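*Asks:* Build me a model from this:
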Amino acid sequence: MKRVVITGLGVVSPVGNDVPTFWGNIKSGVCGISKISSFPIDDFVVQVAAEIKNFNAEAFGIDKSLVRRSDLFTQYALVAAKQAMEDSKLDMDPERLGVYVGSGVGGIHTFYAESQKLMEKGMGWVSPLFIPMMISNIASGNIAISHKAEGPCLPIVTACATGTHSIGEAYRAVKHGYADAIIAGGTEASITPLAIGGFANAKALSRSSDPLSASIPFDMRRQGFVIGEGAGILIVEEYEHAKARNAKIYAELCGYGNTCDAYHYTAPKPDASSAAKAMVLALHEANYKKEKDTIYINAHGTSTPLNDKTETLAIKLALGEDKAKQSLISSTKSMTGHMLGAAGAVELIATVLALKEELIPPTIGFKEADPECDLDYVPNQARKAKISLGLSNSLGFGGHNACLAVRKID
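*Replies:* Presented below is the predicted three-dimensional model:
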């Protein structure tokens, strides 16, 4: 079995469109949630979202013609992948380079716009680029074309666990020798009237009009998640390959768990057993030692009533009550909102940087404790801490559970 490391990072997020800006704002507790500005919301019960600000793919060096024929979710992915590749300085055999970048929803901007054309003007007005702009795999395809990655290309779709599963499966592919490096992560651009209407009517979204009180994971006042968007991309590379080229190594990717609740299509399994099992699998593969390891968990932490109490229970089941209470936990969704298919990748980036800098990002907006959420969620202020093991959890609609484990490189 080969060792696997992370050698490049790229991000487009509601709190910054590059890694230094993103991480600076995350550790400072900056909220990226604001009143929706991209379309009229006068008759909407949901008023806030975590939108991307000041984004122009061409300004990041993406070709103008490619931008024109790409949905926003693909543009986000292309920019984050370009950042990650430049950060990694990776130059290698194309047949040994892969792409595992998924999206939970895909090109819903394109779907919405072309559906309006069909209804208002007829079939002849639907763009011939509708399908290749809308399909969820096209971000991976365009990244592969842009970076001449001829190895395995596997776009994954597991709702809110997409980014984490993409990186986890990339980890396994590199670990077992199917590629030397993989461009891996998730991307999403779902802030549209249609998506917000669907989530809102499913009672999933927060209806708070106050951006600072809308995404409040583990707080007693929580009422739903805040929809966000963006992309997170990491370069997942075989350790000896990275060492041979003297690459900068952020962390070792050392564990992955993948389970399914097989319970309900949106609600988590009440006993949290399957989510806990995903964590246990990642911990076991990471050679976790209860007496030795100090843990930071970047929680899924959506700010929904069911998720947060169930995830708290899962952490206790996986670690044991005493170790769970000693561990540091935070939800960066309090700042970024829920980036859906991109969430897991962006949150792993935060986990890696927390491990590297020995600084735990906060869960902002935390004011009222919930008796069912009784762990240390690092409320409101970042905290210095020496951590030996970082975990990142993702729990998606359909019962999809995923957990990744990272350590500092020895």
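
*Asks:* mind listing what the nearest residue to residue 96 once chain neighbours are set aside touches?
*Replies:* Using CB to CB, 6 or more residues apart in numbering and skipping residues adjacent in sequence, the residue nearest residue 96 is residue 180, 4.1 Å away. Placement of C-beta: from N, CA and C, glycine included. Taking CB atoms under 8 Å, 6 or more residues apart in numbering, we find residue 180 in contact with 92-93, 96-97, 174, 237-238, 241.

*Asks:* if you set the cut-off to 6 Å instead, what comes out?
*Replies:* Counting by CB atoms under 6 Å, 6 or more residues apart in numbering, residue 180 touches 96, 238, 241.

*Asks:* swap in residue 358?
*Replies:* Here residue 358 is in contact with residue 386 (CB under 6 Å, 6+ apart).

*Asks:* try 10 Å this time
*Replies:* 296, 383-387, 408 (CB atoms under 10 Å, 6 or more residues apart in numbering).

*Asks:* Now which of the residues you listed would you call buried?
*Replies:* Buried subset of those (neighbour count, 16 or more other CB atoms under 10 Å): 296, 383, 387, 408.

*Asks:* what about the residue nearest to the second one when sequence neighbours are not counted, how many neighbours?
*Replies:* Take residue 383 and drop its neighbours on the chain: the residue closest to it by CB to CB, 6+ apart is residue 360, 4.7 Å away. When counting by other CB atoms under 10 Å, one arrives at 26 neighbours for residue 360.

*Asks:* so residue 360 touches residue 331, yeah?
*Replies:* No - assessed by CB atoms under 10 Å, residue 360 is found out of contact with residue 331, at 11.7 Å.

*Asks:* Can you pull the residues that touch both of those two?
*Replies:* Shared contacts of residue 360 and residue 331 (CB under 10 Å, 6+ apart): 297-298, 378.

*Asks:* among these, which are in helices?
*Replies:* Among the shared contacts of residue 360 and residue 331, no residue falls in helices (DSSP state H).

*Asks:* What is the subsequent helix or strand relative to the helix or strand hosting residue 171?
*Replies:* Residue 171 belongs to helix 162-175 when assigned by DSSP states H and E. Downstream of helix 162-175, the next assigned helix or strand under DSSP H and E is strand 181-188.

*Asks:* For the closest residue in space to residue 47 that isn't next to it in sequence, give me its contacts.
*Replies:* In space, not counting the residues next to it along the chain, residue 47 is nearest to residue 209; the distance is 4.5 Å by CB to CB, 6+ apart. Counting by CB under 10 Å, 6+ apart, residue 209 touches 35, 45-48.

*Asks:* Do I have it right that residue 394 meets residue 232?
*Replies:* No - Residue 394 is beyond contact range of residue 232, at 11.5 Å (criterion: CB under 10 Å).

*Asks:* out of those two, which sits in the busier spot?
*Replies:* residue 232 (36 against 31).

*Asks:* Name the SS class of that one, please.
*Replies:* strand (DSSP: H, G, I helix; E, B strand; the rest coil).

*Asks:* what's the pLDDT at it?
*Replies:* pLDDT for residue 232: 99.

*Asks:* Check the one 5 residues further on too.
*Replies:* The predicted structure scores residue 237 at 98 on the pLDDT scale.

*Asks:* same question, residue 86
*Replies:* For residue 86, pLDDT reads 98.

*Asks:* For it, list the residues it contacts.
*Replies:* 8, 10, 61 are the contacts of residue 86 under CB under 10 Å, 6+ apart.

*Asks:* what's the closest of those residues to residue 340?
*Replies:* Nearest to residue 340 among the contacts of residue 86, counting by CB to CB, is residue 10 at 17.8 Å.

*Asks:* would you list every one of the helices in the protein?
*Replies:* According to DSSP H, the helices that the chain contains are 19-28, 64-68, 72-88, 108-121, 130-134, 138-147, 162-175, 193-201, 239-244, 273-285, 305-319, 321-326, 333-336, 343-357.

*Asks:* gap between residue 406 and residue 195?
*Replies:* Using CB to CB, to the nearest Å, residue 406 is found at 31 Å from residue 195.

*Asks:* One more: residue 6?
*Replies:* From residue 6 to residue 195 the distance is 30 Å (CB to CB).

*Asks:* Neighbour count: these two, which is higher?
*Replies:* Set residue 6 next to residue 195 and count neighbours by other CB under 10 Å: residue 6 wins out with 27 against 22.

*Asks:* Skipping adjacent residues, who's closest to that one in space?
*Replies:* Residue 6 sits nearest to residue 250 (CB to CB, 6+ apart), 4.6 Å away.

*Asks:* Count the residues that sit near that neighbour.
*Replies:* 23.

*Asks:* Verify the stated contact: it with residue 354.
*Replies:* No - between residue 250 and residue 354 there is no contact under CB under 10 Å: 11.2 Å.

*Asks:* Identify the contacts common to these two.
*Replies:* Residues touching both residue 250 and residue 354 (CB under 10 Å, 6+ apart) are residue 406.

*Asks:* residues contacting residue 346?
*Replies:* Contacts of residue 346 by CB under 10 Å, 6+ apart are 9, 11-15, 22, 26, 80, 163, 185-188, 228, 230-234, 298, 332-333, 336, 339, 392.
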